[in-house]
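Sequence unavailable; structure follows:
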């Protein structure tokens, strides 16, 4: 077993099934992953408004990853690009780093025999123009999906601007265009579902699923399903219901839940 | 004992990039012309040659034109500007640094609105409590 640090990022913590599945997949491929993430491992890319804070966060996180003395496998495209664009330019990085899609793609020969459960589904892959220059995910993710028995990847014929959907939270007209173009692309391709690469896109586009426009998955969820991994997508269930259950509310506190979580779960795309 | 300022090396790197970009950019406007987000900028710019000088002004710590600030505000790091640049300026870095500067993040006065989410990290922590076990919370975060 080869030790690696699985640096999952921050916002993917909405999707425990994705994190747990990634860890199981890495173990099945012969790695020994140690998971790290959350605000204490933030890359600082969300702090454009305060570069003093961003620089401190970057130094802290690079230092903590240095201490782990293992190669890093990044999940989050924001963290991965921020590492290359800024963090490693201003800090001494002592670890190798790769992106999970890159690692899975390089491990296709080991991954393919693990994909035993058929997932009969015609899909389009939701892609952006950005990030692809750092890791060619727009080629690699469809190639990974084609390893899954039953998955038929159709040409989407649509590439969204930006590098992931969460950037568009403050640009509603552009996000409306992405949502509507994605639904049109899925229908034009005769797709059963849209598959996202990044959790930031999944979080936004799962609203299309909740609105009944088109089913949406993350690519890891389809790989996990084909491997027979048992994790359930709580976030999609919460999004569809527009709420979480009473046990969950008790964990986060009713006041915070109503102020900070309910609006996200009830948010629906503006479909034309 | 003199302690290095927090984030000091990041600021040095960014200033070096600003100076490199200011020295290399010829204001040809190709970056704007290929930008898939330009259509969402308010107010819209007439063309790339007219909007890029305003971006460079922001990088110099000066006031940006409304058109430049409008374009900076909608940059979502598509990166198609990078291969379009004939001078290898890295316009994606140019726009990222301009955005940081226009938001007031590099010490200058803010010129575009910052939509700060006061619950950002607490929301992540809340979802972590919903998705991870106590042991995972302790060991992973």
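Good, I have the coordinates. Bear in mind the structure is a predicted one, so any value in this text is a computation, not a measurement.

that's a helix at residue B:137, yeah?
Yes: Residue B:137: assigned to a helix according to DSSP: H, G, I helix; E, B strand; the rest coil.

Centre of the chain to stretch B:62-81, how far?
Computed by Cα atoms, centre = their mean, to the nearest Å, the separation of stretch B:62-81 from the middle of its chain amounts to 8 Å.

in it, what's buried?
B:64-65, B:67-81 (16 or more other Cβ atoms under 10 Å in any protein chain shown). Placement of C-beta: from N, CA and C, glycine included.

Nearest to chain A: which residue in chain B?
residue B:7 (2.0 Å; Cβ to the nearest Cβ).

Pairing partners for residue A:5 in the sheet, please.
residue A:34, residue A:72 (DSSP bridges).

Please enumerate the helices of chain B.
Taking DSSP state H to define them, one finds helices in chain B at B:8-24, B:30-34, B:48-59, B:66-74, B:81-84, B:91-102, B:120-131, B:134-140.

which residues touch the residue nearest the centre of chain B?
Taking Cα atoms, centre = their mean as the criterion, residue B:96 is the residue nearest the geometric centre of chain B, at 2.4 Å. For residue B:96, the contacting residues are A:48, A:85, B:75, B:77, by Cβ atoms under 8 Å, 6 or more residues apart in numbering or on different chains.

From residue B:108, how far out is the residue of chain B closest to chain A?
16 Å (Cβ to Cβ, to the nearest Å).

Residue B:59: neighbouring residues, count only.
Residues lying near residue B:59 (other Cβ atoms under 10 Å in any protein chain shown) number 24.

that older thread, the helices of chain B into JSON lines, with extra columns for mean pLDDT?
Converted to JSON lines, the helices of chain B look like this (pLDDT from 0 to 100):
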{"stretch": "helix B:8-24", "mean pLDDT": "95"}
{"stretch": "helix B:30-34", "mean pLDDT": "98"}
{"stretch": "helix B:48-59", "mean pLDDT": "97"}
{"stretch": "helix B:66-74", "mean pLDDT": "98"}
{"stretch": "helix B:81-84", "mean pLDDT": "98"}
{"stretch": "helix B:91-102", "mean pLDDT": "98"}
{"stretch": "helix B:120-131", "mean pLDDT": "96"}
{"stretch": "helix B:134-140", "mean pLDDT": "95"}
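
quick one on the thing from earlier: possible to save the contacts of residue B:96 as a markdown table with pLDDT and distance to residue A:188?
Below are the contacts of residue B:96 laid out as a markdown table (pLDDT from 0 to 100; distance: Cβ to Cβ, whole Å):
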| residue | pLDDT | distance to residue A:188 |
| --- | --- | --- |
| A:48 | 92 | 36 |
| A:85 | 96 | 35 |
| B:75 | 97 | 29 |
| B:77 | 97 | 27 |
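
And those, which is closest to residue A:130?
residue B:77 (5.0 Å; Cβ to Cβ).
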